[in-house]
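> What follows is a protein structure lacking sequence information:
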């Protein structure tokens, strides 16, 4: 019965019924606490206001376990049933009654105790486990007024102050914590003292929402300890040292750069010793690498004191920085509190642990899925199958943890087979205010961490002024993660000593809070006084640490004035040898030996003998095998599978993720096949090479998330360049649910943070009459974010060309299976990495003309796919009418991209418009100036037309026009005024919702592009 586990009102009402003798007096908590530590003040509710009395539980339900028992009414029914027949109740209840009936008669001092009284005492214990955090001392400022639940009032259970020194029989139970200790008889005072110490101190434990009894017992063992947790002198000196470093670092920055934004950690300095102790404990438990994600608050402190970024480098960045050594690629850079770094850090236990702090934008929580994806990749490459060596840690703000949807999207990935990392530790730096917004305006839940309850994660709320409590909570979180491999949350309730940043005035909006803060001692002052009072350290000991830290900070400050970075920061071990945009990378062929194509082709088109697929799928695989055997008619799905398979044979990791990708949104891929009788799954691409690692090829349907899953795959792709990582949208239209990842990470990550990314994004795009939300991947947005100059033609000589290296990403709209094969393989067969945005097809997946011959995939000279550069991706596909190098009789050159080509070609054939040439621009960005100019020279007398399906204000037109004009000027073929546009007119919506209107529009634009006598340039209309 889950309502008992949650401490529901049903049990409360039943007890009230017993205690009130008619139910006229029910208790409610006052805001003002009573003088007694345990008993709350209560006021009466009138009889008319009292809640209805629950009915007695029928005997048919008397077989429930003791741990699910609730009301005294139920208990009385159980006891009567047990007395009549002990076998009529559950074994646990039988043991319960035998325990109490036997002991209560023989134990001195408890002979008058009733079983119901003992049961109520057990419910009180339960109430502390469930609600004790509501009474915990969590707010360092003492401003929070929280009602203490009635459930924690012993009077609710029939006890009075006269009972405090009475002995009660609790028994010995098969659960952890003090109920399992061999002390069946205890006074009420001793019981309440233990409960208060365990649950109402500086840490509030929320864990009773977890359904797993083993996990709850594990926590009870560590919470309900016989004596309160305390550190020895040696540990306290370490904690003090770390807290001094944290505090002095902020003070130093504030002194040297008084007007600079740094988003300091003042008010939450205990985060640093907490993190350090967490890392030390994690290393002791087998963790070798930690990936950290966090926003700007306290980031510089974490960088300097936890991850060990050189202090001189941080100080240099504060001073404006110095241009790095000549020849180093620096990109655009970013503000200092967005930057990341990595470092191998020694731990207190004598081990070393690798720490990576991922660079992030100001978009709070956007880095969360990136960290989780990078952690999962580390686990794959280090063969960490138990997920114990690599761990992710996310540091959140209170407002963003409750308010940002990507938090839940990331949490939701935590137990999914192809996304789990064996648990993430979440630390919330809880300022109790979000910029200027109070919690009551920023969330509907009691705690900012309540979203984590959906994942059954334990939550440790801790007073940020109590550094030892923070350290203990952080260590406990590390132990939980390594034991149960699930998420855990540490909520450090602290404050922000200054405003949102150091030059902000917080008293405008939180005057009462900041009046208290101005007079509130720092966590360091509190801890120093505590240690001095205990006599464990002296004033001289403290001064010595202060002087040491100050001396080092000053030395690093002086060294920062001459600091010069020496290398590109992205070059970790896996990335060694990869070229920066300043270094020329040669172009490589992507064709594959014919015999390899045949071998892997058969592997991906063959199912096991006894496997029984759906009959339609069986035919698909039979057709695929025929394509491989004949070498003709290779369709899109087979072209893709061949790209994956050949990369696997070459030793590369391939991962494809997204909504419904296993079958494919359009039922074309069928990378995972299901036996129709047994339900067994079979993935042909898992059997391409001998003894293939089961994760070497990963294809996985994702949760229904864009932002979270795309962020995950981006993080995954960052770890190792020798992997093809792909995210596919269900429809390209839905990709804008992940716009933050596209804008802040994918398009600009390399420029801001010097991080190369090779992620491939497949966005189904094309106008088929399916309406405004199933037509457009918003091609124009990706092209608008491209950073190639539209008015300057770069070096295009093949041996010198580094156009793609200098561009932020690639955007393609591919029209043949072979070209798709080559563009995927090109991602791996180069000495650098760039994101690839693919406008993926929909109706071309089965189009009769969208086929390739197997010879177009191989590396043999002489076939149609081979040209003077070899076999590789074609940035532009010339007209397929067999034209010579000079065709003066062509009146019109139609340039287009994507599936509209096939409609244009069909129209040209049906009207026999042999004076029209059609060229496909397969790579839109960076723009293929050299190939465009080649076609302009081939057709010297042709008018130039750009044809697209999308509205004029969408699609590629706005991007293509200035670049095409630049190419035309260079070969004396006119300018922007000589480019004629054919496509839909400007529109607010991407497409019409009326199919008949779509058909009419499509036919009109195709007709106009091919057969019309003249086309008016939109700039001249």
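Now that the structure is in, tell me what you want to look at. The structure presented is a predicted model; accordingly, all values stated were derived computationally and were not measured.
> helices and strands of the chain: which one has the lowest mean pLDDT?
helix 2-5 (a mean of 27; mean pLDDT, DSSP states H and E).
> can you tell me which residues contact the most centrally placed residue in the chain?
Residue closest to the average C-alpha location in the chain (CA atoms, centre = their mean): residue 369, at 1.4 Å. For residue 369, the contact set (CB atoms under 8 Å, 6 or more residues apart in numbering) comprises 406, 409-410, 413, 707-712, 714-715. Yep, even glycine has a C-beta here, placed from its N, CA and C like the rest.
> These in helices, which ones?
Using DSSP state H, the subset of the contacts of residue 369 located in helices is 406, 409-410, 707-712, 714-715.
> Looking at neighbours, which among those is most surrounded?
Neighbour counts for the ones in helices among the contacts of residue 369 (other CB atoms under 10 Å) peak at residue 712, which has 34 neighbours.
> what's that one in contact with, if anything?
When contacts are counted by CB under 8 Å, 6+ apart, residue 712 is found next to 369-370, 372-373, 376, 410, 413, 419, 657.
> Can I get those in JSON lines including pLDDT, distance to residue 827 and secondary structure?
Below are these laid out as JSON lines (pLDDT from 0 to 100; distance: CB to CB, whole Å; DSSP: H, G, I helix; E, B strand; the rest coil):
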{"residue": "369", "pLDDT": "96", "distance to residue 827": "21", "secondary structure": "helix"}
{"residue": "370", "pLDDT": "96", "distance to residue 827": "19", "secondary structure": "helix"}
{"residue": "372", "pLDDT": "97", "distance to residue 827": "23", "secondary structure": "helix"}
{"residue": "373", "pLDDT": "97", "distance to residue 827": "17", "secondary structure": "helix"}
{"residue": "376", "pLDDT": "97", "distance to residue 827": "20", "secondary structure": "helix"}
{"residue": "410", "pLDDT": "95", "distance to residue 827": "26", "secondary structure": "helix"}
{"residue": "413", "pLDDT": "95", "distance to residue 827": "24", "secondary structure": "coil"}
{"residue": "419", "pLDDT": "96", "distance to residue 827": "22", "secondary structure": "coil"}
{"residue": "657", "pLDDT": "97", "distance to residue 827": "16", "secondary structure": "strand"}
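> Closest one of these to residue 787?
Lowest distance from residue 787 to those (CB to CB) belongs to residue 370, with 21.6 Å.
> What is the neighbour count of that closest one?
29.
> Leaving out the residues flanking it, which one is nearest to it?
residue 715 (3.7 Å; CB to CB, 6 or more residues apart in numbering).
> Thought residue 377 was touching the one you found, still the case?
Yes: applying CB atoms under 8 Å, one finds residue 715 in contact with residue 377, separated by 7.2 Å.
> what about the stretch 801-950 of the chain, any weak spots by pLDDT?
In the predicted model of the stretch 801-950 of the chain, residues 862-870 satisfy pLDDT under 70.
> List the contacts of the residue nearest to residue 854 when sequence neighbours are not counted.
Leaving aside its chain neighbours, residue 854 sits nearest to residue 631 (3.8 Å; criterion: CB to CB, 6+ apart). Going by CB under 8 Å, 6+ apart, residue 631 touches 853-855.
> How about residue 902?
Counting by CB under 8 Å, 6+ apart, residue 902 touches 815, 844, 847, 849-850.
> same question, residue 890
Residues in contact with residue 890 (CB under 8 Å, 6+ apart) are 883, 915-917, 939, 941-942.
> repeat for residue 200
128, 132, 135-137.
> Swap in 7 Å and give it another go.
For residue 200, the contact set (CB atoms under 7 Å, 6 or more residues apart in numbering) comprises 132, 135-136.
> Quick one, grab the pLDDT at it.
pLDDT recorded at residue 200 is 95.
> Ok, residue 114 next?
Turning to residue 114, the model gives it a pLDDT of 64.
> any idea how far residue 461 is from the residue nearest to residue 984 when sequence neighbours are not counted?
Spatial nearest neighbour of residue 984, excluding adjacent residues (CB to CB, 6+ apart): residue 951 at 4.4 Å. In this view, residue 951 and residue 461 are 52 Å apart by CB to CB, to the nearest Å.
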